[in-house]
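# Generate a structure from the sequence data that follows.
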Amino acid sequence: INVSYNLPTRSFPILSWVNGRAQYSATYNWAGGSLRTIDSLGSVLNNSQNVNLSLDLNMVQLYEKWSFLKRVSEKPRPTRSRPRRPSLDRNRGLDRNEGDQKDDRKKDKPINPVVKALVRPILLVRQIRLSYTDNRSTTIPGFLPQAGLLGMSDGFNAPGFEFAAGFQPDLDQGGWLDDAAGNGWISANRWQNNPVIQIQSQKFDGRATLEPFNEFRIDITLNRDYNRTYTEEFRFNFTDQQFQHLAPKEVGSYSISYLALNTLFRDDIYELFREFEDTRSVISKRLADEYSLIGQHEKDQGYSEGFGKTNIDVLVPAFIGAYTGIPADKVQLDLFDMLPRPNWNLTYNGLSKIGFFKDIFSSFTISHGYNSTLRINSFQTDYDFFSDADPGDLFPKNEITRSFYSRLDIPAIAINEQFSPLIGINLKTKNNITVNLDIKRSRSLLLSTVAFDLNETKTSEFVIGFGYQLKGLSLRKQKRSRRNNNNNSGG
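I've put the predicted structure just below:
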(Lines give C-alpha, C1' and ligand atoms only; values in the text may rest on other atoms or scores of the structure.)
Protein backbone atom coordinates (compact mmCIF):
# COMPACT_ATOMS: atom_id res chain seq x y z
CA ILE A 1 0.00 0.00 0.00
CA ASN A 2 1.30 3.44 -0.90
CA VAL A 3 -0.97 6.45 -0.54
CA SER A 4 0.03 10.11 -0.69
CA TYR A 5 -1.88 13.36 -0.47
CA ASN A 6 -0.79 16.88 -1.37
CA LEU A 7 -2.65 19.85 0.00
CA PRO A 8 -4.56 21.43 -2.94
CA THR A 9 -3.06 24.84 -2.27
CA ARG A 10 -2.04 25.33 -5.90
CA SER A 11 -5.70 25.54 -6.82
CA PHE A 12 -6.09 28.57 -4.59
CA PRO A 13 -3.73 31.44 -5.48
CA ILE A 14 -4.07 32.94 -2.00
CA LEU A 15 -2.57 29.70 -0.56
CA SER A 16 0.20 29.14 -3.12
CA TRP A 17 2.79 29.85 -0.41
CA VAL A 18 1.75 26.67 1.47
CA ASN A 19 3.03 23.22 0.48
CA GLY A 20 1.91 20.21 2.51
CA ARG A 21 2.27 16.51 1.85
CA ALA A 22 1.18 13.36 3.70
CA GLN A 23 2.27 9.87 2.72
CA TYR A 24 1.33 6.46 4.10
CA SER A 25 2.93 3.24 2.98
CA ALA A 26 2.51 -0.26 4.37
CA THR A 27 3.79 -3.76 3.78
CA TYR A 28 2.42 -7.15 4.78
CA ASN A 29 4.31 -10.43 4.69
CA TRP A 30 3.25 -13.96 5.52
CA ALA A 31 6.28 -16.26 5.75
CA GLY A 32 5.15 -19.87 5.77
CA GLY A 33 6.88 -22.32 8.08
CA SER A 34 8.28 -25.74 7.28
CA LEU A 35 5.77 -28.12 5.73
CA ARG A 36 6.46 -30.57 8.55
CA THR A 37 5.84 -28.10 11.37
CA ILE A 38 3.53 -25.47 9.88
CA ASP A 39 0.47 -27.06 11.48
CA SER A 40 2.06 -27.09 14.94
CA LEU A 41 4.54 -24.19 14.99
CA GLY A 42 2.72 -21.99 12.49
CA SER A 43 4.02 -19.25 10.22
CA VAL A 44 5.52 -15.81 10.82
CA LEU A 45 3.54 -12.64 10.17
CA ASN A 46 5.12 -9.23 9.62
CA ASN A 47 3.67 -5.86 8.77
CA SER A 48 5.03 -2.34 8.66
CA GLN A 49 3.72 1.18 8.29
CA ASN A 50 5.54 4.36 7.34
CA VAL A 51 3.99 7.78 7.89
CA ASN A 52 5.62 10.90 6.45
CA LEU A 53 4.28 14.41 6.98
CA SER A 54 5.85 17.60 5.67
CA LEU A 55 4.83 21.24 5.66
CA ASP A 56 6.60 24.11 3.91
CA LEU A 57 5.50 27.71 4.44
CA ASN A 58 7.18 30.19 2.10
CA MET A 59 6.31 33.43 3.85
CA VAL A 60 8.07 35.57 1.24
CA GLN A 61 5.55 34.45 -1.37
CA LEU A 62 2.79 35.41 1.03
CA TYR A 63 4.18 38.92 1.50
CA GLU A 64 4.60 39.41 -2.24
CA LYS A 65 0.87 39.07 -2.76
CA TRP A 66 0.53 42.68 -1.58
CA SER A 67 2.53 45.26 -3.51
CA PHE A 68 3.26 47.38 -0.43
CA LEU A 69 4.59 44.43 1.58
CA LYS A 70 6.52 43.23 -1.44
CA ARG A 71 8.35 46.56 -1.72
CA VAL A 72 9.06 46.51 2.02
CA SER A 73 10.24 42.89 1.99
CA GLU A 74 12.50 42.85 -1.06
CA LYS A 75 16.14 43.79 -0.89
CA PRO A 76 17.12 47.16 -2.35
CA ARG A 77 18.33 46.90 -5.91
CA PRO A 78 21.34 48.86 -7.10
CA THR A 79 20.34 51.72 -9.38
CA ARG A 80 21.92 51.77 -12.80
CA SER A 81 21.50 54.59 -15.27
CA ARG A 82 21.45 53.49 -18.87
CA PRO A 83 21.24 56.08 -21.63
CA ARG A 84 18.26 55.83 -23.89
CA ARG A 85 17.83 57.18 -27.39
CA PRO A 86 15.08 59.79 -27.46
CA SER A 87 12.19 58.91 -29.73
CA LEU A 88 9.59 61.59 -30.41
CA ASP A 89 5.94 60.75 -30.61
CA ARG A 90 4.87 61.93 -34.01
CA ASN A 91 1.41 62.90 -32.82
CA ARG A 92 2.31 64.61 -29.55
CA GLY A 93 5.91 65.54 -30.14
CA LEU A 94 6.90 64.19 -26.73
CA ASP A 95 9.87 62.12 -25.76
CA ARG A 96 8.23 58.74 -25.31
CA ASN A 97 11.11 57.36 -23.23
CA GLU A 98 10.90 60.36 -20.95
CA GLY A 99 7.22 59.64 -20.34
CA ASP A 100 7.97 55.98 -19.57
CA GLN A 101 10.69 57.00 -17.15
CA LYS A 102 8.24 59.24 -15.30
CA ASP A 103 5.78 56.33 -14.98
CA ASP A 104 8.56 54.01 -13.73
CA ARG A 105 9.71 56.55 -11.18
CA LYS A 106 6.16 56.89 -9.92
CA LYS A 107 5.74 53.13 -9.73
CA ASP A 108 9.12 52.52 -8.05
CA LYS A 109 8.90 55.45 -5.68
CA PRO A 110 10.90 54.43 -2.61
CA ILE A 111 9.07 53.77 0.63
CA ASN A 112 9.63 56.16 3.48
CA PRO A 113 12.63 54.78 5.46
CA VAL A 114 10.79 55.27 8.77
CA VAL A 115 7.77 53.31 7.51
CA LYS A 116 10.02 50.56 6.17
CA ALA A 117 11.97 50.38 9.45
CA LEU A 118 8.71 49.91 11.35
CA VAL A 119 7.07 47.41 8.99
CA ARG A 120 10.08 45.28 7.94
CA PRO A 121 10.57 43.56 11.36
CA ILE A 122 6.95 42.39 11.21
CA LEU A 123 7.90 40.40 8.10
CA LEU A 124 10.88 38.74 9.76
CA VAL A 125 9.60 35.16 9.26
CA ARG A 126 10.76 34.11 5.80
CA GLN A 127 10.32 30.33 5.73
CA ILE A 128 9.13 27.48 7.97
CA ARG A 129 9.75 23.81 7.26
CA LEU A 130 8.44 20.91 9.35
CA SER A 131 8.83 17.19 8.75
CA TYR A 132 7.73 14.18 10.77
CA THR A 133 8.46 10.51 10.12
CA ASP A 134 7.02 7.55 12.02
CA ASN A 135 8.09 4.04 11.00
CA ARG A 136 6.74 0.95 12.78
CA SER A 137 6.76 -2.78 12.25
CA THR A 138 5.50 -5.89 14.06
CA THR A 139 6.54 -9.54 13.79
CA ILE A 140 4.22 -12.27 15.09
CA PRO A 141 5.54 -15.87 15.17
CA GLY A 142 3.47 -19.04 15.58
CA PHE A 143 0.52 -17.89 13.45
CA LEU A 144 -1.57 -20.97 12.59
CA PRO A 145 -4.18 -19.95 9.94
CA GLN A 146 -3.16 -20.54 6.33
CA ALA A 147 -2.78 -17.73 3.83
CA GLY A 148 -5.32 -17.39 1.07
CA LEU A 149 -6.52 -14.58 -1.13
CA LEU A 150 -4.87 -11.22 -0.22
CA GLY A 151 -2.88 -13.05 2.44
CA MET A 152 -6.01 -13.71 4.47
CA SER A 153 -7.41 -16.94 5.78
CA ASP A 154 -10.71 -18.27 4.55
CA GLY A 155 -13.40 -15.76 5.46
CA PHE A 156 -10.87 -12.87 5.45
CA ASN A 157 -10.84 -12.69 9.25
CA ALA A 158 -7.24 -13.69 10.06
CA PRO A 159 -5.13 -11.72 10.66
CA GLY A 160 -7.59 -9.00 9.62
CA PHE A 161 -7.63 -6.17 7.13
CA GLU A 162 -6.16 -3.74 9.66
CA PHE A 163 -3.05 -5.87 10.16
CA ALA A 164 -2.67 -6.39 6.41
CA ALA A 165 -2.97 -2.62 5.90
CA GLY A 166 -0.01 -1.99 8.19
CA PHE A 167 -1.80 -0.90 11.36
CA GLN A 168 0.19 -1.92 14.40
CA PRO A 169 -1.51 -4.30 16.85
CA ASP A 170 -1.80 -3.59 20.56
CA LEU A 171 0.55 -5.95 22.41
CA ASP A 172 -0.56 -5.03 25.91
CA GLN A 173 -2.42 -7.41 28.20
CA GLY A 174 -5.89 -7.99 26.77
CA GLY A 175 -4.91 -6.57 23.36
CA TRP A 176 -4.58 -8.01 19.86
CA LEU A 177 -2.38 -10.94 20.90
CA ASP A 178 -4.84 -12.17 23.52
CA ASP A 179 -7.72 -11.85 21.05
CA ALA A 180 -5.72 -13.79 18.44
CA ALA A 181 -4.93 -16.52 20.98
CA GLY A 182 -8.61 -16.67 21.95
CA ASN A 183 -9.47 -17.25 18.27
CA GLY A 184 -6.99 -20.10 18.06
CA TRP A 185 -4.59 -18.24 15.77
CA ILE A 186 -1.45 -18.56 17.92
CA SER A 187 0.46 -21.82 18.34
CA ALA A 188 0.49 -23.29 21.86
CA ASN A 189 3.34 -25.67 21.02
CA ARG A 190 6.05 -25.63 23.69
CA TRP A 191 8.73 -25.55 20.97
CA GLN A 192 7.46 -22.25 19.61
CA ASN A 193 9.88 -19.91 21.41
CA ASN A 194 10.43 -17.08 18.94
CA PRO A 195 9.69 -13.64 20.42
CA VAL A 196 7.09 -11.12 19.33
CA ILE A 197 8.89 -8.01 18.06
CA GLN A 198 7.61 -4.48 17.62
CA ILE A 199 9.88 -1.68 16.35
CA GLN A 200 9.20 2.04 16.32
CA SER A 201 11.27 4.94 14.98
CA GLN A 202 10.13 8.57 15.21
CA LYS A 203 11.94 11.60 13.83
CA PHE A 204 10.93 15.25 13.85
CA ASP A 205 12.79 18.14 12.21
CA GLY A 206 11.83 21.77 12.20
CA ARG A 207 13.53 24.78 10.65
CA ALA A 208 12.61 28.44 10.51
CA THR A 209 14.43 31.24 8.70
CA LEU A 210 14.08 34.76 10.10
CA GLU A 211 15.30 38.05 8.65
CA PRO A 212 14.52 41.01 10.93
CA PHE A 213 16.11 43.21 8.28
CA ASN A 214 18.13 42.78 5.11
CA GLU A 215 21.47 40.97 5.40
CA PHE A 216 20.63 39.70 8.90
CA ARG A 217 19.62 36.03 8.87
CA ILE A 218 18.62 33.76 11.75
CA ASP A 219 18.22 30.01 11.26
CA ILE A 220 16.34 28.21 14.05
CA THR A 221 16.33 24.40 14.20
CA LEU A 222 14.52 21.83 16.33
CA ASN A 223 14.81 18.05 16.20
CA ARG A 224 13.78 14.94 18.07
CA ASP A 225 14.82 11.33 17.42
CA TYR A 226 13.27 8.36 19.24
CA ASN A 227 13.94 4.67 18.57
CA ARG A 228 12.37 1.77 20.44
CA THR A 229 12.36 -2.01 20.07
CA TYR A 230 9.94 -4.07 22.16
CA THR A 231 10.14 -7.85 22.49
CA GLU A 232 8.25 -10.38 24.57
CA GLU A 233 7.60 -14.11 24.79
CA PHE A 234 3.93 -14.89 24.19
CA ARG A 235 3.68 -18.53 25.21
CA PHE A 236 1.14 -21.00 26.45
CA ASN A 237 1.31 -21.98 30.12
CA PHE A 238 0.26 -25.62 30.37
CA THR A 239 -0.18 -25.38 34.13
CA ASP A 240 -2.60 -22.46 34.03
CA GLN A 241 -3.91 -23.47 30.58
CA GLN A 242 -3.65 -19.94 29.20
CA PHE A 243 -1.29 -17.73 27.20
CA GLN A 244 1.06 -15.43 29.11
CA HIS A 245 3.09 -12.33 28.29
CA LEU A 246 6.61 -13.23 29.43
CA ALA A 247 9.95 -11.37 29.57
CA PRO A 248 8.81 -8.01 28.17
CA LYS A 249 11.87 -6.03 27.12
CA GLU A 250 12.16 -2.52 25.77
CA VAL A 251 15.41 -1.23 24.24
CA GLY A 252 15.98 2.10 22.55
CA SER A 253 17.73 5.44 22.18
CA TYR A 254 16.63 9.05 22.43
CA SER A 255 17.99 12.46 21.46
CA ILE A 256 16.46 15.91 21.37
CA SER A 257 17.62 19.44 20.67
CA TYR A 258 17.95 21.14 24.01
CA LEU A 259 18.78 24.42 25.74
CA ALA A 260 21.06 24.39 28.78
CA LEU A 261 22.30 27.93 28.29
CA ASN A 262 21.25 29.20 31.72
CA THR A 263 24.18 27.55 33.53
CA LEU A 264 26.82 27.42 30.78
CA PHE A 265 28.71 30.49 31.98
CA ARG A 266 28.56 29.67 35.66
CA ASP A 267 32.01 29.03 37.09
CA ASP A 268 30.88 27.88 40.54
CA ILE A 269 30.72 24.21 39.58
CA TYR A 270 30.64 23.02 43.19
CA GLU A 271 27.68 25.24 44.03
CA LEU A 272 25.89 24.00 40.92
CA PHE A 273 26.52 20.41 41.96
CA ARG A 274 25.09 21.13 45.43
CA GLU A 275 21.97 22.52 43.75
CA PHE A 276 21.69 19.23 41.88
CA GLU A 277 21.93 17.32 45.16
CA ASP A 278 19.30 19.51 46.83
CA THR A 279 16.95 19.19 43.86
CA ARG A 280 16.71 15.43 44.31
CA SER A 281 14.63 15.65 47.48
CA VAL A 282 12.13 17.96 45.75
CA ILE A 283 11.81 15.54 42.82
CA SER A 284 11.35 12.67 45.29
CA LYS A 285 8.46 14.50 46.93
CA ARG A 286 6.81 15.24 43.55
CA LEU A 287 7.03 11.58 42.50
CA ALA A 288 5.54 10.43 45.81
CA ASP A 289 2.67 12.88 45.40
CA GLU A 290 1.89 11.39 41.98
CA TYR A 291 1.34 7.98 43.59
CA SER A 292 -0.24 9.37 46.78
CA LEU A 293 2.59 8.08 48.96
CA ILE A 294 2.99 9.80 52.32
CA GLY A 295 5.70 7.70 53.98
CA GLN A 296 9.38 8.52 54.41
CA HIS A 297 12.29 6.71 52.80
CA GLU A 298 13.68 3.88 54.87
CA LYS A 299 17.33 4.92 54.46
CA ASP A 300 17.64 8.36 52.85
CA GLN A 301 16.56 11.06 55.26
CA GLY A 302 14.49 13.83 53.71
CA TYR A 303 13.30 11.67 50.82
CA SER A 304 9.88 10.13 50.20
CA GLU A 305 9.03 6.47 50.34
CA GLY A 306 10.51 4.44 47.50
CA PHE A 307 12.24 7.37 45.80
CA GLY A 308 15.69 7.66 47.31
CA LYS A 309 18.61 9.83 46.27
CA THR A 310 20.03 7.24 43.82
CA ASN A 311 16.72 6.29 42.18
CA ILE A 312 16.87 6.82 38.40
CA ASP A 313 13.45 8.49 38.35
CA VAL A 314 14.86 11.01 40.84
CA LEU A 315 18.36 11.49 39.43
CA VAL A 316 17.43 12.25 35.81
CA PRO A 317 14.90 15.08 36.39
CA ALA A 318 17.09 16.56 39.14
CA PHE A 319 20.08 16.59 36.79
CA ILE A 320 18.12 18.23 33.98
CA GLY A 321 16.56 20.82 36.27
CA ALA A 322 19.76 21.85 38.06
CA TYR A 323 21.99 22.07 34.99
CA THR A 324 19.47 23.82 32.74
CA GLY A 325 18.25 26.32 35.29
CA ILE A 326 14.69 24.95 35.50
CA PRO A 327 13.12 25.13 38.99
CA ALA A 328 12.74 21.77 40.70
CA ASP A 329 8.97 22.17 40.97
CA LYS A 330 8.60 22.79 37.21
CA VAL A 331 11.03 20.39 35.52
CA GLN A 332 9.33 17.53 33.68
CA LEU A 333 9.51 14.17 35.42
CA ASP A 334 9.30 12.12 32.21
CA LEU A 335 12.03 13.24 29.83
CA PHE A 336 10.40 11.40 26.90
CA ASP A 337 7.53 13.92 27.08
CA MET A 338 9.83 16.91 26.60
CA LEU A 339 9.46 19.11 23.54
CA PRO A 340 12.55 19.96 21.46
CA ARG A 341 14.19 23.28 22.29
CA PRO A 342 15.44 25.73 19.65
CA ASN A 343 19.03 25.95 18.46
CA TRP A 344 20.12 28.81 16.25
CA ASN A 345 22.65 30.30 13.89
CA LEU A 346 22.93 34.06 13.22
CA THR A 347 24.67 35.72 10.28
CA TYR A 348 24.99 39.41 9.44
CA ASN A 349 26.56 40.55 6.14
CA GLY A 350 25.46 44.17 6.02
CA LEU A 351 28.47 46.03 7.43
CA SER A 352 30.28 46.05 4.08
CA LYS A 353 27.38 48.01 2.60
CA ILE A 354 27.16 50.92 5.03
CA GLY A 355 29.28 53.88 6.13
CA PHE A 356 33.05 53.86 5.92
CA PHE A 357 32.99 50.00 5.93
CA LYS A 358 31.81 50.16 2.33
CA ASP A 359 35.01 51.85 1.20
CA ILE A 360 37.34 49.49 3.10
CA PHE A 361 35.78 46.03 3.02
CA SER A 362 34.44 43.96 0.14
CA SER A 363 32.81 41.59 2.66
CA PHE A 364 32.29 41.69 6.42
CA THR A 365 30.40 38.84 8.11
CA ILE A 366 29.51 38.50 11.78
CA SER A 367 28.23 35.10 12.92
CA HIS A 368 26.98 33.44 16.07
CA GLY A 369 25.63 29.93 16.64
CA TYR A 370 24.35 27.74 19.46
CA ASN A 371 23.80 24.00 19.34
CA SER A 372 22.76 21.72 22.19
CA THR A 373 21.65 18.09 22.37
CA LEU A 374 20.27 15.95 25.16
CA ARG A 375 21.06 12.33 24.38
CA ILE A 376 20.45 8.86 25.80
CA ASN A 377 22.50 6.41 23.79
CA SER A 378 20.63 3.42 25.19
CA PHE A 379 17.85 2.56 27.60
CA GLN A 380 16.30 -0.77 28.40
CA THR A 381 13.72 -2.41 30.62
CA ASP A 382 14.73 -3.19 34.18
CA TYR A 383 13.47 -6.75 34.69
CA ASP A 384 13.40 -6.29 38.47
CA PHE A 385 10.58 -3.79 37.96
CA PHE A 386 8.28 -6.69 37.01
CA SER A 387 9.18 -8.83 40.00
CA ASP A 388 6.73 -9.28 42.86
CA ALA A 389 6.48 -6.39 45.30
CA ASP A 390 6.52 -6.90 49.04
CA PRO A 391 3.16 -6.66 50.84
CA GLY A 392 2.27 -3.00 51.30
CA ASP A 393 4.70 -1.75 48.62
CA LEU A 394 3.47 -0.13 45.42
CA PHE A 395 6.43 -1.41 43.36
CA PRO A 396 9.24 -3.88 44.04
CA LYS A 397 12.16 -2.39 45.97
CA ASN A 398 15.91 -2.76 45.76
CA GLU A 399 17.01 -4.65 48.85
CA ILE A 400 20.13 -2.49 49.28
CA THR A 401 18.89 1.05 48.53
CA ARG A 402 15.24 0.40 49.56
CA SER A 403 14.10 2.44 46.57
CA PHE A 404 11.65 1.35 43.89
CA TYR A 405 13.05 -0.22 40.75
CA SER A 406 12.57 2.02 37.73
CA ARG A 407 10.68 0.71 34.71
CA LEU A 408 13.55 1.79 32.43
CA ASP A 409 17.22 1.45 33.16
CA ILE A 410 19.08 4.51 31.82
CA PRO A 411 22.83 3.92 32.27
CA ALA A 412 23.86 7.43 31.22
CA ILE A 413 22.41 10.71 30.02
CA ALA A 414 24.46 13.42 28.30
CA ILE A 415 23.98 17.09 27.49
CA ASN A 416 26.37 18.56 24.93
CA GLU A 417 26.22 22.23 24.04
CA GLN A 418 28.48 24.59 22.19
CA PHE A 419 28.68 28.12 20.89
CA SER A 420 30.14 27.55 17.46
CA PRO A 421 31.01 30.32 17.39
CA LEU A 422 30.16 32.55 20.32
CA ILE A 423 31.40 35.42 18.16
CA GLY A 424 32.73 34.95 14.64
CA ILE A 425 34.13 37.63 12.33
CA ASN A 426 35.15 36.99 8.75
CA LEU A 427 36.22 39.96 6.64
CA LYS A 428 37.94 40.77 3.38
CA THR A 429 39.34 44.17 2.46
CA LYS A 430 39.40 45.86 -0.91
CA ASN A 431 43.11 45.05 -1.24
CA ASN A 432 42.46 41.30 -0.73
CA ILE A 433 43.43 40.95 2.94
CA THR A 434 41.32 38.35 4.75
CA VAL A 435 40.93 38.07 8.52
CA ASN A 436 38.81 35.60 10.48
CA LEU A 437 38.23 35.49 14.22
CA ASP A 438 36.29 32.81 16.12
CA ILE A 439 35.59 32.60 19.86
CA LYS A 440 34.07 29.24 20.81
CA ARG A 441 32.72 27.87 24.06
CA SER A 442 31.44 24.36 24.79
CA ARG A 443 30.34 22.17 27.67
CA SER A 444 29.74 18.45 28.05
CA LEU A 445 27.72 16.95 30.92
CA LEU A 446 27.54 13.21 31.51
CA LEU A 447 25.50 11.68 34.33
CA SER A 448 26.14 7.99 35.04
CA THR A 449 23.45 6.19 36.99
CA VAL A 450 25.66 3.11 37.24
CA ALA A 451 28.74 4.67 38.84
CA PHE A 452 26.64 7.50 40.37
CA ASP A 453 28.98 10.23 39.18
CA LEU A 454 28.67 13.39 37.14
CA ASN A 455 31.36 14.64 34.75
CA GLU A 456 31.40 18.23 33.51
CA THR A 457 33.89 19.32 30.85
CA LYS A 458 34.23 22.90 29.63
CA THR A 459 36.37 24.14 26.76
CA SER A 460 37.17 27.60 25.44
CA GLU A 461 38.73 28.12 22.02
CA PHE A 462 40.13 31.19 20.31
CA VAL A 463 40.94 31.02 16.60
CA ILE A 464 42.41 33.79 14.47
CA GLY A 465 43.41 33.61 10.83
CA PHE A 466 45.06 36.01 8.38
CA GLY A 467 45.57 35.85 4.65
CA TYR A 468 46.63 37.97 1.70
CA GLN A 469 45.96 37.31 -1.94
CA LEU A 470 48.71 38.15 -4.41
CA LYS A 471 47.55 38.82 -7.93
CA GLY A 472 49.67 38.21 -10.97
CA LEU A 473 52.25 36.12 -9.11
CA SER A 474 53.33 33.06 -11.08
CA LEU A 475 55.26 30.25 -9.41
CA ARG A 476 55.55 28.24 -12.58
CA LYS A 477 59.11 27.10 -13.22
CA GLN A 478 60.46 27.72 -16.71
CA LYS A 479 62.43 24.95 -18.33
CA ARG A 480 65.33 25.56 -20.68
CA SER A 481 66.01 23.22 -23.53
CA ARG A 482 69.50 22.71 -24.86
CA ARG A 483 70.10 21.92 -28.49
CA ASN A 484 73.15 20.17 -29.92
CA ASN A 485 73.89 20.95 -33.52
CA ASN A 486 76.14 18.38 -35.22
CA ASN A 487 77.65 19.42 -38.55
CA ASN A 488 78.94 16.59 -40.74
CA SER A 489 81.19 17.39 -43.71
CA GLY A 490 82.59 15.04 -46.28
CA GLY A 491 85.49 15.55 -48.55
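# so who does Ser73 touch?
Val60, Tyr63, Glu64, Arg120, Leu123 (Cβ atoms under 8 Å, 6 or more residues apart in numbering). Where you see a C-beta, it was placed from the backbone N, CA and C, and this is true even at glycine.
# brain fart, Leu315
So Leu315 contacts Arg280, Lys309, Leu447, Thr449 (Cβ under 8 Å, 6+ apart).
# Out of those residues, give me the one that has the most neighbours.
Arg280 (25 neighbours; other Cβ atoms under 10 Å).
# right, and that residue touches Lys309 too?
Yes. Using Cβ atoms under 8 Å, Arg280 makes contact with Lys309 at a distance of 5.2 Å.
# shared neighbours, these two?
With Cβ under 8 Å, 6+ apart as the test, Arg280 and Lys309 both reach Tyr303, Leu315.
# Can you pick out the most distant pair from the contacts of Ser73?
Within those, Glu64 and Arg120 form the most distant pair, 14.2 Å apart (Cβ to Cβ).
# For Tyr226, state which of the contacts of Ser73 is nearest.
Val60 (33.0 Å).
# Measure how buried the residue nearest to that closest one when sequence neighbours are not counted is and give me the count.
Leaving out its chain neighbours, the residue that sits closest to Val60 by Cβ to Cβ, 6 or more residues apart in numbering is Arg126, at 5.5 Å. Other residues within reach of Arg126 by the criterion other Cβ under 10 Å amount to 17.
# now swap in Gln173 and tell me
Using other Cβ under 10 Å, Gln173 has 10 neighbouring residues.
# buried stuff in stretch 159-179?
Pro159, Gly160, Phe163, Ala164, Gly166, Phe167, Gln168, Pro169, Leu171, Trp176, Leu177, Asp178 (16 or more other Cβ atoms under 10 Å).
# Sorry, slip of the keys, the one I care about is stretch 24-37.
Tyr24, Ala26, Tyr28, Trp30, Gly33.
# What mean pLDDT does the helix or strand where the second one lies get?
It stands for Ala26. Using DSSP states H and E, Ala26 sits in strand 18-31. Strand 18-31 comes out with an average pLDDT of 94.
# So what touches the very next helix or strand once past it?
Using DSSP H and E, the helix or strand that follows strand 18-31 towards the C-terminus is helix 38-41. Here helix 38-41 makes contact (Cβ under 8 Å, 6+ apart) with Gly32, Gly33, Ser34, Gly142, Leu144, Ser187, Asn189, Trp191, Gln192.
# ok, these vs Asn371, which is closest?
Gly142 (47.4 Å).
# Check whether that closest one really touches Trp191, as I assumed.
No. Using Cβ under 8 Å, Gly142 is not in contact with Trp191; the gap is 9.8 Å.
# and these two? which has more neighbours close in?
Gly142 (26 against 9).
# Including distance to Leu333, could the contacts of helix 38-41 go into a markdown table?
Shown next, in a markdown table, are the contacts of helix 38-41 (distance: Cβ to Cβ, whole Å):
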| residue | distance to Leu333 |
| --- | --- |
| Gly32 | 47 |
| Gly33 | 45 |
| Ser34 | 49 |
| Gly142 | 38 |
| Leu144 | 43 |
| Ser187 | 41 |
| Asn189 | 43 |
| Trp191 | 44 |
| Gln192 | 40 |
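# For those residues, which two are the farthest from each other?
Farthest pair in the contacts of helix 38-41, by Cβ to Cβ: Gly32 and Trp191, 17.2 Å.
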